[in-house]
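Enquirer: My questions concern the predicted model and sequence given below.
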Amino acid sequence: MECSNRKGQFPLIYLTIRGLKTIRLWNESPGQSLSTWGLIIIVIYPFVWLIPSWLFIMSSQDDLIRLVKAVNEQIVFLVIFYKLCAFAMNFRRWEQLFYDLQRAYSSVMKKPNMDIQGVLGHVENATYCLTKWYCSVLIFNCALYGSFPMLFVVVKYALTGSYDMPLSTPVEANYFIPGYRTNFWIWLPLDFMLNALLELHGIALFLIECFTWSLIHATSCLFRILQIQANELSVQHEHEHIFSAKLTSFVTLHDSVLRSAQTLEEILSVQMLIIYLSTVLALCLMTIVLSWAFQDVYLLTTMICVIGYCLFQTFSFSYLGTELIEESGTVAEAIFHNTWYNQDVKMQKDLCFVLMRAKKPVRLTTGKLFIVTRDSFSQVIKQAYTIFTLMSQFLEDTDS
């Protein structure tokens, strides 16, 4: 395996890789274990966000709205923690997958075909824009949860000399620090540290998600390149060795892409199941919170941000899963619809074997239960609405 920025290598998701290296979640040289600093970022996560939030849920029974909000946050933060842990546990496989895809793209970098060059340019631009804009949105979400409320309290205290108690925290949690939510001068440095950690974990999360989405999209685009190369196989050549060389290049690239797609499915299968289930539960709880506290502007805003995050990550995987299925299927169609019948018998047999290989289904699944597509996203929305309706009816019957 070679370094991603080495001369002659395709700059696959360069901006994302540079960000992961900055926070020590990627190595300068391949073949090494995840760095100690990267592991520390992941290890401190439950002690800062999960355990205090769980303790708050166990000890707070007086405010039902805050309790449901805390449960909802616990669900989302548990999924985030799973993503961080899954990235660390599968780090060597992610690294191998990245360099395999990079070598595949590097092998077609110098192809004169303008369609192939267009696909290469699209992969570079798409991953750059995703990393740039998604980073901004997620950092703003983290600031909305922690930094903005903290600044509001600081400004109010500076202008009036008073503040409301209990003082706000990035999430509903009990940190068991004397005076933390009642004494401004104890709360300020600790809350500043918590907000810094929230931004750090937010950046780590967005880089891992951009890394995952970009590799899925890059795999789909390689199938698009294979479709272009399959169309070139139909061109009549004067010499058999020219066709043989092109066919060999096509088969080598196709085998590499199929292995990459299989690795993606193996790594993401359980993660997809957890994301879909958590999205259904989070949507139900968030809808209940919003229906109870519609006049609370801050609560409304933060819950909408959480809903947006859950829906966006689920839709992204659903969209990319559909794209992967469609792009992989076009390879077999391109081979079948070319003028293979004009080739000699030996070449027809070779193309027949390639066609059989190309018809192998490529897809992402949720724990082997169902295939990740745009239809599965719509099913998530329907299931969430159904459960919300049942829960609302149950709560209404309980109140009456």
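Expert: All right, it came through fine. This structure is a prediction, so every number in the text was calculated from the model and none was measured.

Enquirer: Now do the strands in the stretch 251-400 of the chain.
Expert: Counting by DSSP state E, counting those that start in this stretch, the stretch 251-400 of the chain has no strands to list.

Enquirer: Flag the shaky bits of it, pLDDT-wise.
Expert: Low-confidence segments of the stretch 251-400 of the chain (pLDDT under 70): 289-297, 339-344, 388, 391-400.

Enquirer: quick one: the helices in it?
Expert: 297-336, 345-358, 374-399 (DSSP state H, counting those that start in this stretch).

Enquirer: What of the stretch 101-250 of the chain?
Expert: Going by DSSP H, counting those that start in this stretch, the stretch 101-250 of the chain shows helices at 114-145, 147-160, 184-232, 240-292.

Enquirer: need the ones you listed in a markdown table with mean neighbour count, can you?
Expert: For the C-beta atoms, the positions are set from N, CA and C on the backbone; glycine is no exception. Formatted as a markdown table, the helices of the stretch 101-250 of the chain follow (neighbours: other Cβ atoms under 10 Å):
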| stretch | mean neighbour count |
| --- | --- |
| helix 114-145 | 16 |
| helix 147-160 | 14 |
| helix 184-232 | 20 |
| helix 240-292 | 18 |
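
Enquirer: nearest to residue 37, of these?
Expert: Nearest of the helices of the stretch 101-250 of the chain to residue 37, taken as Cβ to Cβ: helix 184-232 at 11.1 Å.

Enquirer: Now do that closest one, average pLDDT.
Expert: On average, the pLDDT along helix 184-232 is 90.

Enquirer: next one: stretch 110-125
Expert: Per-residue scores along stretch 110-125 average to 88.

Enquirer: ok now stretch 180-188, how far from the chain's centre?
Expert: For stretch 180-188, the gap between its own C-alpha mean and the chain's C-alpha mean amounts to 36 Å (Cα atoms, centre = their mean, to the nearest Å).

Enquirer: mind exporting it as PDB, just the C-alpha atoms?
Expert: Only the C-alpha atoms of stretch 180-188 are listed here, as PDB (Å, rounded to 0.1, in the frame of the first residue of the first chain):
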ATOM      1  CA  TYR A 180     -21.600  23.000  38.500                       C
ATOM      2  CA  ARG A 181     -25.100  24.100  37.500                       C
ATOM      3  CA  THR A 182     -25.500  26.800  40.200                       C
ATOM      4  CA  ASN A 183     -22.100  28.600  40.400                       C
ATOM      5  CA  PHE A 184     -21.200  30.600  37.300                       C
ATOM      6  CA  TRP A 185     -17.500  30.500  37.900                       C
ATOM      7  CA  ILE A 186     -17.400  26.800  38.300                       C
ATOM      8  CA  TRP A 187     -19.700  26.200  35.400                       C
ATOM      9  CA  LEU A 188     -17.900  28.400  32.900                       C
END
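
Enquirer: ok, back up a step: quick one, which of the helices of the stretch 101-250 of the chain gets closest to residue 43.
Expert: helix 184-232 (11.6 Å).

Enquirer: returning to that earlier point: deepest-packed of the helices of the stretch 251-400 of the chain, please.
Expert: helix 297-336 (a mean of 19; mean count of other Cβ atoms under 10 Å).

Enquirer: That helix - contacts with which helices or strands?
Expert: helix 64-89, helix 114-145, helix 184-232, helix 240-292, helix 345-358, helix 374-399 (3 or more Cβ pairs under 8 Å, 6 or more residues apart in numbering; DSSP states H and E).

Enquirer: okay, the angle between it and helix 114-145?
Expert: Here the directions of helix 297-336 and helix 114-145 differ by 160 degrees (axes from the mean of the first three to the mean of the last three Cα atoms, to 10 degrees).

Enquirer: Figure out how far helix 297-336 is from the centre of its chain.
Expert: When distances are taken as Cα atoms, centre = their mean, helix 297-336 is centred 9 Å away from the chain's centroid.

Enquirer: ok and that helix relative to helix 345-358, angle-wise?
Expert: Counting by the same axes, to 10 degrees, helix 297-336 lies at 160 degrees to helix 345-358.

Enquirer: re earlier: as TSV, the helices and strands packed on helix 297-336 with distance to residue 33 would be great.
Expert: Below are the helices and strands packed on helix 297-336 laid out as TSV (distance: least, Cβ to Cβ, whole Å):
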stretch	distance to residue 33
helix 64-89	10
helix 114-145	25
helix 184-232	17
helix 240-292	17
helix 345-358	35
helix 374-399	35
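
Enquirer: out of these, nearest to residue 163?
Expert: helix 184-232 (5.8 Å).

Enquirer: and the angle for the closest one with helix 64-89?
Expert: 50 degrees.

Enquirer: Begin at 502 from now on, thanks
Expert: Noted, 502 is the first residue going forward, which turns the last one into helix 685-733.

Enquirer: and helix 685-733, what does it pack onto?
Expert: Other elements packing on helix 685-733 under the criterion 3+ Cβ pairs under 8 Å, 6+ apart are helix 515-523, helix 537-546, helix 565-590, helix 592-608, helix 615-646, helix 648-661, helix 741-793, helix 798-837.

Enquirer: Could you dump these into JSON lines with distance to residue 689 added?
Expert: Listed next are these as JSON lines, based on distance: least, Cβ to Cβ, whole Å:
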{"stretch": "helix 515-523", "distance to residue 689": "28"}
{"stretch": "helix 537-546", "distance to residue 689": "21"}
{"stretch": "helix 565-590", "distance to residue 689": "22"}
{"stretch": "helix 592-608", "distance to residue 689": "37"}
{"stretch": "helix 615-646", "distance to residue 689": "17"}
{"stretch": "helix 648-661", "distance to residue 689": "7"}
{"stretch": "helix 741-793", "distance to residue 689": "28"}
{"stretch": "helix 798-837", "distance to residue 689": "19"}
